[in-house]
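Engineer: test case, fold it:
(2 chains)
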Amino acid sequence: MLTLYHFLLLSAIVFALGIAAVVSRKNAVGVLIGIELILNAANINFVAFSRFTEHPKLIAGLAQPAALEGQVFAIFVIILAACEAAIALAIIINLFNTFGSIEIDEAQTMRG
Amino acid sequence: MISGAPVTLSLEASVLETLRGFYALWPYLILVAGILLVLVVDWFQSSAKSQRVSWIALLACLGSAVSLTKLWPTVLDRPVLLGWNALVFDPFSVFFSLFFLVATFIVITTSRTSKELAGRRMGEYYALLLTATLSAAFLAASQNLVLLYLSFETLSLSSYVLAGYAKDRREGVESSLKYVLFGAVASGIMLYGLSLLYGMVGSLELRDVAKMASQPSLSFLLVMVLLMAGFAFKMSAVPFHFWAPDVYQGAPTPVTAYLSVVSKAAGFAVFLRFAAPMLGVPLFSQAVEEMPKELLFAFLSLLWILATLTMTFGNLVALRQTDIKRLLAYSSIAHAGYMLAAIVAHNQAAYEAVVFYFVAYAIANLGLFFAAQVIHADKGTFDIAGFRGLVHDSPVLAASIAVLLWSLIGLPPSAGFMGKFFLFVALVKQGIASSIASFYYVLVLIALANSVISLYYYIGIIRQMAFYEPSTMLPVCRPTFTARFGLATAAALIVAIQLYWQPLTDLSRAATGSKTPVRAVASYGLVNSTPPRNLAVGDQQ
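Structural biologist: Now for the predicted structure:
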């Protein structure tokens, strides 16, 4: 039986993989993929939390626990992730046109 | 004030509330209209005359600012809640909206004369600038985590493009790449924190989050650490400051000025609002919940360490900079540290001080980046060597720059001095009231020591301007009358605030929720002094 904690574990693993990709990749597109993993880890969390509303830590005295809020948030995140990917890819194309490479270490003209 | 209890309003009252909400939305609708108009009108302009659309952007800013000043008395009376409580227009958010608009207005006027942007199509540039301002204003007003994240990302996405707007310059490309990768990671980490927060609280509303803060838990602190990634990125505080020097140096100078003022202020505004209930500061419309002592102390210690590292790092690295934009980048990191230090005091005075400090900081930074742009236009360099012997080229320019730098050091007579003074007073006040006084006093001492370090590099520039002969290799700087006039005005404002700071302290007090000046203003008849109609949720019956 799948419980909330399985989903949380999955999202934690995806998040960790995303961070690992961001830290270790030298390729700009590789870093971008890592960022997408981080965003999707958060999405798993949102959807899982909104599915399992009988959360033990839900505090008393709140208004109705609106279960759909998390799902709506996830949809917003998907939209924003698309925007972010579009802008990041445009900048990476620009990087390729200017530096002839999409390796991040190539773009190191400013230091100090 | 607003409480969680559901209350039914009469039909008439709820219609009135809705109308009031639309009234509060006017300034932002004007801004949206400006964005669309700039884009559409730009289609019909030739490339050479693309700069014309800046007039529309200026008008939109002006119209929006005017209607915000009309809104100000209304929200002083009672905050306006909109969109199922997702947006709150209280003096805090209206003040910051106005602050962003004034700063954007100045940035647009400086963009018009920028050599770095000359010859490009400017429609998208101004549209993005206004979009960023709109989302910064919403960021300061958001009461809901979805809206918070949405406006945070919109602000970031517009800034990424703006930073790389000069897309054929190598530095521009590099800066936008670093900005987008760094920013996306920071906001991703913040989003992960938000998702955990949603799970813990079971709601996306900030006031429910505040209720959660009253229950001691270590996981809440962990979530705060994750969220700090996003906030610190926008404030350019250590350890999320790495983007700042490269982006500030590589971006077109007006954009740099924008990032250092508006983007940073938006980060602080959202953090101040988010943290207010947890720190026990009664910002408008937010219930204050006592955070358990140990948890509060852990959170304050985190801020304490961040503040100390931020200001020390910023000042020490600024010492060996030779590029003026890079130097100002590190100096702006250091200033973020001073303001974070004030937040450690977690009292009303600290919030007021941060607002006051931001005004002083904004005047100085907008002025100095504009000066850098003016010097670059004639001498073709951003190196500090360009400042050498400036007093021979243009005494007015040199004197104004000297005053602005003086204010950033925090020496009297300048607005920066008053800002620092209020920051330290807030910390000392908290120290006197607290049982762990040294916690606050040591922070004051560290901040003072940092001001002394910063003296060295700011005075270095003044020394270069005043006591050196101009470099014969570089052309003479001949600023236009408008440039000299603008900078002299900034310098005059800096001194004027020192001589007559009462209006600004009143404003910062009104903006952060102390009720005293509201009554004072009302007694002069500027505000409708009839008692509020008590339509606010929770006040009925």
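
Engineer: so who does the spatially most central residue of chain A touch?
Structural biologist: In chain A, the residue lying closest to the centroid (Cα atoms, centre = their mean) is A:Leu39, at 1.1 Å. When contacts are counted by Cβ atoms under 8 Å, 6 or more residues apart in numbering or on different chains, A:Leu39 touches A:Val77, A:Leu80, A:Ala81, A:Glu84, B:Gly188, B:Leu191. Placement of C-beta: from N, CA and C, glycine included.

Engineer: nearest spatial neighbour of it, chain-adjacent residues omitted?
Structural biologist: Spatial nearest neighbour of A:Leu39, excluding adjacent residues (Cβ to Cβ, 6 or more residues apart in numbering or on different chains): A:Ala81 at 4.8 Å.

Engineer: list the backbone torsions phi and psi for the one you found.
Structural biologist: In terms of degrees, to the nearest 10, the main-chain angles of A:Ala81 are phi -60, psi -40.

Engineer: B:Val180 against A:Ile87, yeah?
Structural biologist: Yes: in this structure, B:Val180 is within contact of A:Ile87 by Cβ atoms under 8 Å, at 6.4 Å.

Engineer: list only those of the contacts of A:Leu39 flagged as buried.
Structural biologist: Neighbour counting by 16 or more other Cβ atoms under 10 Å in any protein chain shown classes A:Val77, A:Leu80, A:Ala81, A:Glu84, B:Gly188, B:Leu191 among the contacts of A:Leu39 as buried.

Engineer: any idea which of these is closest to B:Ile375?
Structural biologist: Looking at these and their distance to B:Ile375, the nearest is A:Glu84, at 35.7 Å (Cβ to Cβ).

Engineer: and the helix or strand containing that closest one, what does it pack onto?
Structural biologist: Element membership for A:Glu84, per DSSP states H and E: helix A:68-99. Packing contacts for helix A:68-99, counted by 3 or more Cβ pairs under 8 Å, 6 or more residues apart in numbering or on different chains; DSSP states H and E, involve helix A:28-51, helix B:145-163, helix B:170-201.

Engineer: just checking, what packs against the second one?
Structural biologist: To tie it back to what came earlier, the one meant is helix B:145-163. With contacts defined as 3+ Cβ pairs under 8 Å, 6+ apart, helix B:145-163 has these neighbours: helix A:68-99, helix B:123-141, helix B:170-201, helix B:206-213, helix B:218-235, helix B:253-258, helix B:264-279.

Engineer: let's go with 6 Å and repeat that
Structural biologist: When contacts are defined as 3 or more Cβ pairs under 6 Å, 6 or more residues apart in numbering or on different chains; DSSP states H and E, helix B:145-163 packs onto helix A:68-99, helix B:123-141, helix B:170-201.

Engineer: nearest to B:Thr512, of those?
Structural biologist: Closest to B:Thr512 of the helices and strands packed on helix B:145-163 is helix B:123-141 (Cβ to Cβ; 12.2 Å).

Engineer: mind listing residues that contact the closest one?
Structural biologist: B:31, B:34-35, B:38-39, B:42, B:53-54, B:57, B:87-89, B:93, B:96-97, B:100, B:104, B:151-152, B:154-155, B:158-159, B:161-162, B:165, B:262, B:266, B:269-270 (Cβ atoms under 6 Å, 6 or more residues apart in numbering or on different chains).

Engineer: how does chain B divide into domains?
Structural biologist: Listed domain ranges for chain B are B:13-286, B:304-533 (source: automatic domain parsing).

Engineer: where does pLDDT dip in the chain?
Structural biologist: No chain specified, so I'll use chain A. Where chain A drops to pLDDT under 70, the residues are A:53-67, A:112.

Engineer: hm, I was asking about chain B
Structural biologist: Short version for chain B, where the test is pLDDT under 70: B:1-9, B:216, B:284-290, B:514-541.
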